[in-house]
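[1] Got a predicted model here, sequence first, then my questions.
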Amino acid sequence: ALRTALCRVAAAFSGASSSSRWSSAQGAAPFKAPQGAFAGFLSSGLAGVTNGGAAVRSFHTTQPLNAKPALSGWAQWRRAANKRNRLLGAKRWNARVLTKQARKVQSDLIERWKIYRGDQVMVNAGKDRGQVGVVTKVFRKENRMIVEGLNLVKKHVKRTEGNNGGVITMESPVHYSNISLVDPVTGSPVRVGMRFLDDGTKVRVTRGRLASGAIVPKPDIAMQRRRPRNTKVGSRDTSWQDTLQNTYAPGPAAVGFF
């Protein structure tokens with residue numbers, strides 16, 4: 001109602017502007033049209049009245065017209081997770097050469113692996129579904145691993161000086177999600193959980209409907225390092241003579257309130 005009244009006033013002033021010459025001739029001050037925010041308010045209200053009462057844009061609108069809709073909770077969580085995984089992947093493998101498969105999963109790497117080299121696993125998808133084998137190699141950059149004797153493919157090898165070449169059969173990597181650990185007691189595919197013993201040791205246990213809850217120790221081959229640790233003393237390492245020195249210097253005795 002207020003806007004309608006103001007629009008009528010503005011229309012009256014606009015009609016009176018035609019007689020501004022006569023007013024100037026008589027010595028009166030000429031009429032000046034409203035400017036600034038008030039003029040925009042009147043123009044928006046006048047447009048609403050002329051368009052059948054449906055204003056194009058309200059004067060009190062705080063949100064811009066081109067504002068994007070608010071994301072849902074799940075969308076916000078997914079965006080934050082993708083950003084975190086991208087940062088982790090960039091920090092982990094930024095200085096290394098990545099394969100085509102590694103670049104695909106760089107933003108979705110598995111952080112905590114529960115299946116290691118030397119475990120007995122069962123394939124739960126693909127042409128070798130239900131077959132049991134031993135993990136021989138793990139590709140942590142690609143979220144995949146090689147199971148001995150499973151997922152066989154044929155590869156054409158070019159002839160070289162030391163190799164006659166031809167068509168050979170070899171194992172192809174299997175994705176981590178398509179493999180389940182085999183329970184050592186029941187022999188069924190189960191999930192893997194973690195538990196702490198009384199002495200504080202962290203061990204793997206089997207979980208699931210067909211699980212026995214037995215402890216699955218880490219294979220000995222997985223405990224071995226393929227690349228031996230460098231034990232040579234470098235220029236930036238602290239010598240044992242410096243380590244044995246007592247460099248603690250007690251401060252003066254406290255005096256006063258503190």
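    That came through fine.

[2] Can you report how many residues neighbour Tyr176?
    The local packing of Tyr176 (other CB atoms under 10 Å) involves 18 other residues. Using the backbone N, CA and C atoms, a C-beta is placed for each residue, glycine as well.

[3] give the contact list for the closest residue to it other than its chain neighbours.
    Nearest residue to Tyr176, sequence neighbours excluded (CB to CB, 6 or more residues apart in numbering): Asn143, at 4.9 Å. Applying CB atoms under 8 Å, 6 or more residues apart in numbering to Asn143 gives the contacts Val105, Asp108, Leu109, Ile110, His175, Tyr176, Ser177.

[4] One more: Met170?
    Here Met170 is in contact with Leu152, Val153, Lys155 (CB under 8 Å, 6+ apart).

[5] so where do the helices sit in the stretch 151-258 of the chain?
    For the stretch 151-258 of the chain, applying DSSP state H, counting those that start in this stretch gives helices covering 220-223, 240-244.

[6] Output these in a markdown table, with distance to Val9, mean neighbour count and mean pLDDT appended to each entry.
    Output for these, formatted as a markdown table (distance: least, CB to CB, whole Å; neighbours: other CB atoms under 10 Å; pLDDT from 0 to 100):
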| stretch | distance to Val9 | mean neighbour count | mean pLDDT |
| --- | --- | --- | --- |
| helix 220-223 | 85 | 12 | 87 |
| helix 240-244 | 89 | 8 | 88 |
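
[7] can you list the ones you listed in JSON lines and add distance to Lys232?
    Compiled in JSON lines, those are given as follows (distance: least, CB to CB, whole Å):
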{"stretch": "helix 220-223", "distance to Lys232": "23"}
{"stretch": "helix 240-244", "distance to Lys232": "14"}
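
[8] Which of those sits closest to Gly200?
    Taking CB to CB, helix 220-223 is the member of the helices of the stretch 151-258 of the chain nearest to Gly200, at 18.4 Å.

[9] now that closest one, how far from the chain's geometric center?
    Distance of helix 220-223 from the chain centroid (CA atoms, centre = their mean, to the nearest Å) equals 31 Å.

[10] Restricting to C-alpha, output it in CSV.
    Backbone C-alpha positions of helix 220-223 (Å, rounded to 0.1, in the frame of the first residue of the first chain) are rendered in CSV as follows:
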residue,chain,number,x,y,z
ASP,A,220,56.6,-62.1,7.6
ILE,A,221,57.3,-61.1,4.0
ALA,A,222,55.4,-57.9,4.7
MET,A,223,57.7,-57.1,7.6
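
[11] Show residues contacting that helix.
    Residues from elsewhere that reach helix 220-223, judged by CB under 8 Å, 6+ apart: Tyr116, Arg117, Gly118, Asp119.

[12] Quote the end-to-end distance of stretch 224-243.
    29 Å (CA to CA, to the nearest Å).

[13] residue ranges with poor pLDDT in the chain?
    1, 11-68, 87-97, 254-258 (pLDDT under 70).

[14] Spatially central residue for it, please.
    What sits nearest the mean C-alpha location of the chain, by CA atoms, centre = their mean, is Asn82, with 2.0 Å.

[15] what residues are up against it?
    So Asn82 contacts Ser107 (CB under 8 Å, 6+ apart).

[16] related to what we said a few turns ago, could you dump the contacts of helix 220-223 to CSV with distance to Val182?
    Putting those into CSV (distance: CB to CB, whole Å) gives the following:
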residue, distance to Val182
Tyr116, 13
Arg117, 15
Gly118, 12
Asp119, 8
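
[17] What about those residues, which one has the most neighbours?
    Asp119 leads the contacts of helix 220-223 on contacts (other CB under 10 Å) with 23 neighbours.

[18] need the contact list for that residue.
    The neighbourhood of Asp119, defined by CB under 8 Å, 6+ apart, consists of Val134, Val135, Leu181, Val182, Val216, Pro219, Ala222.

[19] hmm, back to that, can you say which of the contacts of Asn143 are buried?
    Val105, Leu109, Tyr176 (16 or more other CB atoms under 10 Å).

[20] Now for the closest residue to Arg191 other than its chain neighbours: which residues touch it?
    Residue nearest to Arg191 in three dimensions, not counting chain neighbours: Arg207, with 4.4 Å by CB to CB, 6+ apart. Under the criterion of CB under 8 Å, 6+ apart, the neighbours of Arg207 are Val190, Arg191, Val192, Gly193, Gly213.
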